[in-house]
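Novice: Coordinates only, no sequence provided:
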């Protein structure tokens, strides 16, 4: 039974745990929280009870000790790869007694890493997670299998996954319990289908976690799914491809082989794009928080025949007085213009959108996305909406899927030396960082990365120089440009 707040003992730590104000077992805060709402001592006691075996009814004192001979322990622990807890259950004793006998016989014990890997392979590690209906469920942890060479060569699958990460991905550097830095890549989506296909294409294995609908500080966060990939190699490869922490407002369209662009844009569209019916009419739209990025998408679509024919405005004399209109008229003389980029300013940070609903544009977009593409490289729900809106028969669908598409795998050159990116220390600022360009107050203790640029490959985003040391929050800057951009 929980204590009333007035009787809760004074907390030794400011924030004892995320969900509990004190240990649910001993009702104190003297020890730090470890797991399941328990302090260190209570958690260890509970785990000891779980691992303790039951002594047989007719067993005699000393049976367990007599049973645990050198040959027995060597067979169970080394050959059969059992844990100390499993041996304790078999012998009807405590885990501590098994440990003492192992030390007595001088049998080498596993280190923490080996023990954790063994537990992961045996599905023994799990955590408790609250579901959308309020019930709690045990989620079994699984060992990650990561293909660290995936982003080193341009292929259609790699370009598609990169597009998904550009829109729904996030990169972060966190401190582990051992105080080492963990380089984490996270992909979040409302539907598990896209996450499953990304992991299949990457040949990676990790746990897909479902997030229930929650409310944070009055803001509703809907249901969704996500997975983590902890790999410094993947982190650095994505950094070289233009994916940066807090990229939403600053990312730009990356440079890539032209035959890979359609796969990349399809990945972006499966992430932040929409295909829907508006009053019975098929429409397609794409939204981004970075104006330069969506300009790049509109330019690529214009080159393959997706455009608008008119420049429309409700303002009087707009054509004569607007410089942007004059520039468009001079650049595109055939009355064909890139899709209009609409700006939405209702939220704290602006967003930009392109949209089309003409049949010619939608047909071109469909063929651009799906001709000769395997089903593992697109979101089927959006594909089905395209098929329904364009009234494409099953026979035609098979014809489009059989169209051969040639490409040449293009290796990505090593742009940096082994110790160039993110090998230096990661500084954490103790004050707020004010972004003067986008007028956004970033989180306190915002991580500012110091990047060693010994080979002079990376450039300052502001002045274009190539100093030996760069600073980065969203983009790389020299010290002078960094101080001008951010008020620290």
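Specialist: That came in fine, so what should we check first? Since the structure is predicted, the reported quantities are computational estimates derived from the model, not experimental observations. Residues are numbered from 1 along each chain as shown.

Novice: so where's the stretch 251-400 of the chain shaky on pLDDT?
Specialist: Applying pLDDT under 70 to the stretch 251-400 of the chain flags the ranges 311-334, 400.

Novice: any chance you could map the helices in it?
Specialist: Secondary structure of the stretch 251-400 of the chain (DSSP state H, counting those that start in this stretch): helices at 261-272, 291-303, 318-321, 323-331, 359-370, 380-390, 394-401.

Novice: Check which helices and strands the last one is in contact with.
Specialist: Contact analysis of helix 394-401 by 3 or more CB pairs under 8 Å, 6 or more residues apart in numbering; DSSP states H and E lists helix 359-370 as its packing neighbours. Using the backbone N, CA and C atoms, a C-beta is placed for each residue, glycine as well.

Novice: Any idea how far the helix it packs on is from the middle of the chain?
Specialist: Taking CA atoms, centre = their mean, to the nearest Å, one finds the center of helix 359-370 at 29 Å from the center of the full chain.

Novice: Name the residues of it that are buried.
Specialist: Across helix 359-370, burial judged by 16 or more other CB atoms under 10 Å covers 361-362, 364-366, 368-370.

Novice: And stretch 279-297, by the same measure?
Specialist: 282-291, 293-297.

Novice: which of the residues you listed lies closest to residue 213?
Specialist: Nearest to residue 213 out of the buried residues of stretch 279-297 is residue 287 (CB to CB; 21.9 Å).

Novice: Show me what the nearest residue to the closest one once chain neighbours are set aside bridges to in the sheet.
Specialist: Nearest residue to residue 287, sequence neighbours excluded (CB to CB, 6 or more residues apart in numbering): residue 353, at 4.8 Å. Residue 353 has the following beta-bridge partners by DSSP bridges: residue 287, residue 342.

Novice: any idea how far residue 290 is from residue 35?
Specialist: For residue 290, the distance to residue 35 equals 39 Å [CB to CB, to the nearest Å].

Novice: Next: residue 354.
Specialist: Relative to residue 35, residue 354 is positioned 47 Å away (CB to CB).

Novice: same check, this time on residue 117
Specialist: Distance from residue 117 to residue 35, by CB to CB: 19 Å.

Novice: on that earlier part again, greatest separation within the buried residues of helix 359-370: which pair is it?
Specialist: Longest span within the buried residues of helix 359-370, CB to CB: 361 and 370, 15.0 Å.

Novice: returning to what we had before: quick one: which of residue 354 and residue 35 has more around it?
Specialist: residue 354 (22 against 13; other CB atoms under 10 Å).

Novice: got the contact list for the more buried one?
Specialist: Residues in contact with residue 354, defined by CB atoms under 8 Å, 6 or more residues apart in numbering, are 285-286, 294, 297-298, 301, 339-342.

Novice: need the contact list for residue 303.
Specialist: Contacts of residue 303 (CB under 8 Å, 6+ apart): none.

Novice: Please report the distance of the residue most central in space within the chain from residue 164.
Specialist: Note on the chain: the residue nearest the mean C-alpha position is residue 186, at 1.1 Å, using CA atoms, centre = their mean. Distance, residue 186 to residue 164, using CB to CB: 12 Å.

Novice: so what's residue 364 closest to, chain neighbours aside?
Specialist: Using CB to CB, 6+ apart, the nearest residue to residue 364 is residue 305, at 4.8 Å.

Novice: quick one: that neighbour from residue 18, how far?
Specialist: Counting by CB to CB, the gap from residue 305 to residue 18 is 52 Å.
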